[in-house]
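**Q** I'll drop the sequence and a predicted model, then ask my questions.
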Amino acid sequence: MAKPVLLTVDDDPEVLRAVERDLRKRYADRYRILRAESGATALRSIETLKRRSESVALFLADQRMPEMSGVEFIGQAINIYPEAKRVLLTAYADTDAAIQAINHARIHHYLLKPWDPPEEQLYPVIDDLLEDWRANHRPAFDGVRVLGHRWSPRSYAIRDFLARNQLPYRWLDVEAADRDKEVRAALDIVQRDSLQVPATTFQDGSALSDPSQSDLAAKLGLRTNATTSFYDLLIVGGGPAGLAAAVYGASEGLSTVMIEREAPGGQAGMSSRIENYLGFPSGISGANLTRNAVTQARRFGVEILTPLEVCSLRVEGGSKFVKLSDGKEIGAKALVIATGVSYRKLNVPGLERLQGAGVYYGAAMTEAASCKDEDVYIVGGANSAGQAAMFFSKYARRVIMLVRGSSLTFSMSQYLVEQIKKMPNIHVEYNSQVTEAFGTDRLEALSILCATSGETQRVSAASLFIFIGAAPLTDWLTGILERDEKGFILTGRDLMTDNKLPRGWPLEREPWLLEASVPGVFIAGDVRYRSIKRVASGVGEGANAVQFVHQYLGTV
């Protein structure tokens, strides 16, 4: 297979040669470096590459070119290679234009001339962009294939599990078997082994019929067994807070294990774009943020066990032990609970029966391509709903947001509100709610009540995505840790009543800021009472929890 292309464009021959030289020096072993002296020439080159089915990983274009500026070139080039990373080369005087290009032309980064030394000014930026591109690039596929029906809840569950664990797969719709050779070949394997769909086929020619999460985890090499039974630090939950705790704990010398019941990243990992996370001016997807964090954690030696569910907690002396869904038990000196929250179910007739068959909780990005040219309905008015609306607007004919309130500004970040206003195919219906869902094998229609007029309208619908608040996953802690009436875990001063230590607290000191009602158990992220429901705050609490872990370990 041909190497992916890095294309640099500049009308100044000296600059063009310098860029090409520096790119070749570092990337020629993995990429093909091409250059063009104008935007028009570059466009002709990438059209030729497209006809040859070659991949382009990056455009690096100078802004000040006659006839066609760098931004104008990139604006046309992304129609041919939308997944290519985009970098603008500019002079210091043009930085304002470059920042505007990030906001409006979807430029990923800008570089100032001169970029010497490239080891500091060029390569770190290009390295990060190419790593992201490789993570999302889908070359000629030779891996897991999922064969099933679009409206099968089990087919959806398999795809969702693979996607959330960032395991590459190809979705094959059985309905296309008569016109698609790849579908036909996969179906032949399934029929050869007398299996039923949904099924997964693998590179070695084997197949599994309706595999469970544990079946897939075992087949694809996910770790579900700990290497030992006792650690310095045990983390329950693999969202941003749990991952941050894992990175900081392991990097500071603690033997660390993290247990996640579904997939690392949590709800943040399902986000199509997080645009207000510090250090990423053009935003970062939840999947990329999760991938980077998982890589970082593993580099420091964190054991990540998934998919495993924690069923109970027991405390014995200064040690904490969790019992897993497979019956095994793991202990540690200190425990960080970062289980996050799950979306609340919408109690509406018909929805539960159609879950996974047109009705989805959270941003089921695996369904995006299937929603092309359809109407997509989204319930909710907070950031997660807004991010999903922006994502699905790239595929759907229309995205209709159903919001119970009279405005988005009370529950959504302003940058998202502004983005939604600018998208012509996103329509926000205020004071509206779903009252019933219809369909036999899949979602076919919805009843929507307008609270203002009191009228109920029935509309055709194939896809409904629900984001209606969060509930903590803490039932397994009943009788062990103090929680509020909603299940959020109390910590620090929130455990105190009339300045008295919490019931059963064995120490003379007060519980620390993130410490629960059992010494040495710390809470981070959305599951904590009064926490700020943001990715950055979750990361901060996860990191801070480790500092309290060190203080605690210094006393036992």
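**A** Thanks, I have the structure now.
**Q** Could you identify the longest strand within the chain?
**A** Looking across the chain with DSSP state E, the single longest strand is strand 329-337.
**Q** Alpha carbons of that one, as PDB, please.
**A** The C-alpha trace of strand 329-337 is given here as PDB (Å, rounded to 0.1, in the frame of the first residue of the first chain):
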ATOM      1  CA  GLU A 329     -11.900  -9.800  44.400                       C
ATOM      2  CA  ILE A 330      -9.200  -7.100  44.200                       C
ATOM      3  CA  GLY A 331      -7.800  -5.100  47.100                       C
ATOM      4  CA  ALA A 332      -5.800  -1.900  47.600                       C
ATOM      5  CA  LYS A 333      -4.500   0.400  50.300                       C
ATOM      6  CA  ALA A 334      -6.400   3.300  48.800                       C
ATOM      7  CA  LEU A 335      -9.500   3.500  46.600                       C
ATOM      8  CA  VAL A 336     -10.600   6.200  44.200                       C
ATOM      9  CA  ILE A 337     -14.200   6.000  43.000                       C
END
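**Q** Run through who's touching that strand.
**A** 226, 229-237, 242, 245, 249, 257, 259, 313, 318-324, 477, 489, 516, 520-524, 527, 542, 545-546, 549, 552-553, 556 (C-beta atoms under 8 Å, 6 or more residues apart in numbering). C-beta here means a position set from N, CA and C on the backbone, and glycine is covered the same way.
**Q** The helix or strand that that strand is followed by - contacts with which helices or strands?
**A** Next helix or strand after strand 329-337 toward the C-terminus (DSSP states H and E): strand 341-343. If you count contacts as 3 or more C-beta pairs under 8 Å, 6 or more residues apart in numbering; DSSP states H and E, strand 341-343 packs onto strand 470-472.
**Q** quick check: mean pLDDT across the following helix or strand past the strand it packs on?
**A** Following strand 470-472 in sequence order, the next helix or strand is strand 521-523 (DSSP H and E). For strand 521-523, mean pLDDT rounds to 98.
**Q** and strand 521-523, how far from the chain's centre?
**A** 25 Å (C-alpha atoms, centre = their mean, to the nearest Å).
**Q** One more: stretch 397-417?
**A** 21 Å.
**Q** Contacts made by it with the rest, please.
**A** So stretch 397-417 is contacted by 275-276, 373-383, 385-387, 389-390, 392-393, 420, 423, 425-434, 448, 451 (C-beta under 8 Å, 6+ apart).
**Q** Which helix or strand in this structure has the lowest average pLDDT?
**A** helix 95-104 (a mean of 69; mean pLDDT, DSSP states H and E).
**Q** Report all helices and strands that the longest helix along the chain contacts.
**A** Using DSSP state H, we find that the single longest helix of the chain is helix 535-553. Helices and strands touching helix 535-553, by 3+ C-beta pairs under 8 Å, 6+ apart, are strand 230-236, helix 240-251, strand 329-337, strand 521-523.
**Q** which residues are contacting it?
**A** The set of residues external to helix 535-553 that reach it, using C-beta under 8 Å, 6+ apart, is 232-233, 239-246, 248-249, 252, 254, 268, 274, 276-278, 289, 333-334, 336, 338, 340, 512-515, 519-520, 522-526, 528, 531.
**Q** ok, now with 6 Å
**A** 233, 240-241, 244-245, 248-249, 268, 274, 277, 333-334, 336, 512, 514, 520, 522, 524-525 (C-beta atoms under 6 Å, 6 or more residues apart in numbering).
**Q** Please list only the buried members of these.
**A** Neighbour-count burial (16 or more other C-beta atoms under 10 Å) applied to the contacts of helix 535-553 gives 233, 240-241, 244-245, 248-249, 268, 274, 277, 333-334, 336, 512, 514, 520, 522, 524-525.
**Q** so where do the helices sit in the stretch 101-250 of the chain?
**A** 118-121, 123-136, 153-164, 181-192, 213-220, 240-251 (DSSP state H, counting those that start in this stretch).
**Q** quick one on the thing from earlier: just the buried subset of the contacts of strand 329-337, written out for PyMOL, thanks.
**A** Selection of buried members from the contacts of strand 329-337 for PyMOL, criterion 16+ other C-beta under 10 Å:
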select buried, resi 226+231+232+233+234+235+236+237+242+245+249+257+259+313+319+320+321+322+323+324+477+489+516+520+521+522+523+524+527+542+545+546+549+552
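**Q** What mean pLDDT does stretch 316-329 get?
**A** Averaging pLDDT along stretch 316-329 gives 94.
**Q** Pull up the gap between the nearest residue to Gln419 once chain neighbours are set aside and Ser411, please.
**A** The shortest distance from Gln419 to any non-neighbouring residue, by C-beta to C-beta, 6 or more residues apart in numbering, is to Met390 (5.8 Å). Met390 sits 16 Å away from Ser411, going by C-beta to C-beta, to the nearest Å.
**Q** Next, the distance between the ends of stretch 378-395.
**A** Using C-alpha to C-alpha, to the nearest Å, the end-to-end distance of stretch 378-395 comes to 14 Å.
**Q** What lies in contact with it?
**A** For stretch 378-395, using C-beta under 6 Å, 6+ apart, the contacting residues are 271-273, 363, 368, 371-372, 376, 399, 401-403, 405, 408, 411-413, 416, 419-420, 423, 425-426, 465-468.
**Q** Now it: buried residues?
**A** 378-393, 395.
**Q** same question for it, mean pLDDT?
**A** Rounded mean pLDDT across stretch 378-395 is 93.
**Q** so how far is it off the chain centroid?
**A** Centroid separation between stretch 378-395 and its chain, computed with C-alpha atoms, centre = their mean, is 14 Å.
**Q** What about Leu278, how many residues nearby?
**A** Neighbour count of Leu278, defined by other C-beta atoms under 10 Å: 8.
**Q** With Ser325 instead?
**A** Neighbours of Ser325 under the rule other C-beta under 10 Å: 12.
**Q** ok, now Ser407?
**A** 12.
**Q** quick one: what helix or strand has it in it?
**A** Going by DSSP H and E, Ser407 is not in any helix or strand.
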